[in-house]
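Enquirer: what's the 3D shape of this:
(chains A, B, C and D)
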Protein chains: 2
Amino acid sequence: MIFTTKAEYGVRLLVELGRHGADQPVSLKALAEAEELPLAYLERIVALLKKADLVDSTRGAHGGYRLTRDPADLTMDEVIVALEGTVAPMNCFVDDSDSPRVLCSHQADSGQGCATKLLWMRVQGGVMEKLQQTTLAELVAFAERETPSRPGRATAETAAVASAR
Amino acid sequence: MIFTTKAEYGVRLLVELGRHGADQPVSLKALAEAEELPLAYLERIVALLKKADLVDSTRGAHGGYRLTRDPADLTMDEVIVALEGTVAPMNCFVDDSDSPRVLCSHQADSGQGCATKLLWMRVQGGVMEKLQQTTLAELVAFAERETPSRPGRATAETAAVASAR
DNA sequence: AGATCTCCGACCCCGCTGGTAGGATTGACG
DNA sequence: CGTCAATCCTACCAGCGGGGTCGGAGATCT
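Expert: Just a heads-up that it's a prediction; the model follows:
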């Protein structure tokens, strides 16, 4: 398994946020109910998103969370990094701020790294590529198509909301 | 982290096998020492490779393991699947024999899957693509370039050295 | 004041990873 | 034939990180 539930819940949370307008904040409780996720756990997850400035919060009654950015400008690589830390295919994989290296166990990185280095680099590249290509807006649109929101609200309208911003 | 040490050790083991000729089997002990990996643990790993027919074994004295195939024809997707089971970006990801689906927690797969489905599918695709593009032969060549075997001996002769012991 | 919210730290259970131990079989060689 | 060197197989175990809960403290609206 690559990602943990932190990534999944975090993304689902963002998608849900994307479906609402960015005008008013949405409370975590509402988000948790909408996605049927444990509230207490979501608190810790959304904290990660906030620390990465992908989301901002207003406290107190009628408070909640909002996206800080247009969903079309929010790519998944930022999201996943914010949630999971580094995207590493292997524990010996160190993403030393835009210069990934592979220092393998046992041989204390004599500069070369072991035979698997080439493979892990490629895999990580493949993942990052896909993450960078995927925007939150796409996921929102996808979710909209799958589950055209609760009440009779026109799907077209909702999509318009998403694309309009 | 995507892969566990099973994948890493397994690949390193195959690379080491690839460096020797396929004429004579190499004992696990020799492989373990060459890669500085725990022998007992390697036993369990190589068993997975054998079950997938990527390797065959001869028992008894002077026995060991050999590749069943030309390294150039052995792609990493087979290897990783043999070692790790399914390559799934998420635990809700089910690779139902060449028809991957995403059945998300909580909503017992009403056919649609949750908002993150699109993302996980892409990521998995990215990983598989890279794995399929990478052959064992490449990794062997890479390792050969990084660590041109112990002494200054020519590569062709390295097999002779190994078989000599 | 009181109802909602966000925030924050401590705690906890459990499955899996990574590894060990020990023995049973099988084959080559003297 | 006995012995040594291998593969095989099963059981066991410690540690840790994932996934979650709890309780409370600080904002902020009505």
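
Enquirer: near DNA strand D, which residues of chain A are found?
Expert: Near DNA strand D, the residues belonging to chain A are A:4-6, A:9, A:38-41, A:43-44, A:58-63 when assessed by C-beta under 7 Å from any atom of the strand. Placement of C-beta: from N, CA and C, glycine included.

Enquirer: just the residues you listed that are near chain B?
Expert: A:Thr5 (C-beta under 8 Å from any C-beta of the partner chain).

Enquirer: please check the residues of chain A next to DNA strand D and keep the buried ones.
Expert: Buried members of those, counted by 16 or more other C-beta atoms under 10 Å in any protein chain shown: A:5-6, A:9.

Enquirer: out of the residues you listed, which is nearest to B:Val87?
Expert: Ranked by distance to B:Val87 (C-beta to C-beta), those are led by A:Thr5 at 18.3 Å.

Enquirer: thinking again about what came up before, restrict the residues of chain A next to DNA strand D to contacts with DNA strand C.
Expert: Among the residues of chain A next to DNA strand D, the residues lying close to DNA strand C (C-beta under 7 Å from any atom of the strand) are A:40, A:43-44, A:58-63.

Enquirer: counting residues, name the longest helix you see in chain A.
Expert: helix A:117-133 (DSSP state H).

Enquirer: centroid residue for chain A?
Expert: What sits nearest the mean C-alpha location of chain A, by C-alpha atoms, centre = their mean, is A:Val79, with 3.3 Å.

Enquirer: please name the residues that touch that one.
Expert: Neighbour list for A:Val79: A:7, A:10-11, A:14, A:49, A:54, A:136 [criterion: C-beta atoms under 8 Å, 6 or more residues apart in numbering or on different chains].

Enquirer: now the angle from the host helix or strand of it to helix A:117-133?
Expert: Using DSSP states H and E, A:Val79 falls within helix A:76-84. Helix A:76-84 and helix A:117-133 are oriented at 110 degrees to each other (axes from the mean of the first three to the mean of the last three C-alpha atoms, to 10 degrees).

Enquirer: can you tell me if the longest helix of chain A touches DNA strand C.
Expert: No: Helix A:117-133 lies out of reach of DNA strand C by C-beta under 7 Å from any atom of the strand, never closer than 13.5 Å.

Enquirer: just list what that helix packs against, helices and strands only.
Expert: Under the contact criterion of 3 or more C-beta pairs under 8 Å, 6 or more residues apart in numbering or on different chains; DSSP states H and E, helix A:117-133 touches helix A:76-84, strand A:100-102, helix B:117-133, helix B:136-146.

Enquirer: picking that back up, the ones next to DNA strand C among the residues of chain A next to DNA strand D into a markdown table, with extra columns for distance to A:Ala143?
Expert: Converted to a markdown table, these look like this (distance: C-beta to C-beta, whole Å):
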| residue | distance to A:Ala143 |
| --- | --- |
| A:Ala40 | 24 |
| A:Glu43 | 22 |
| A:Arg44 | 23 |
| A:Thr58 | 25 |
| A:Arg59 | 28 |
| A:Gly60 | 29 |
| A:Ala61 | 28 |
| A:His62 | 25 |
| A:Gly63 | 24 |
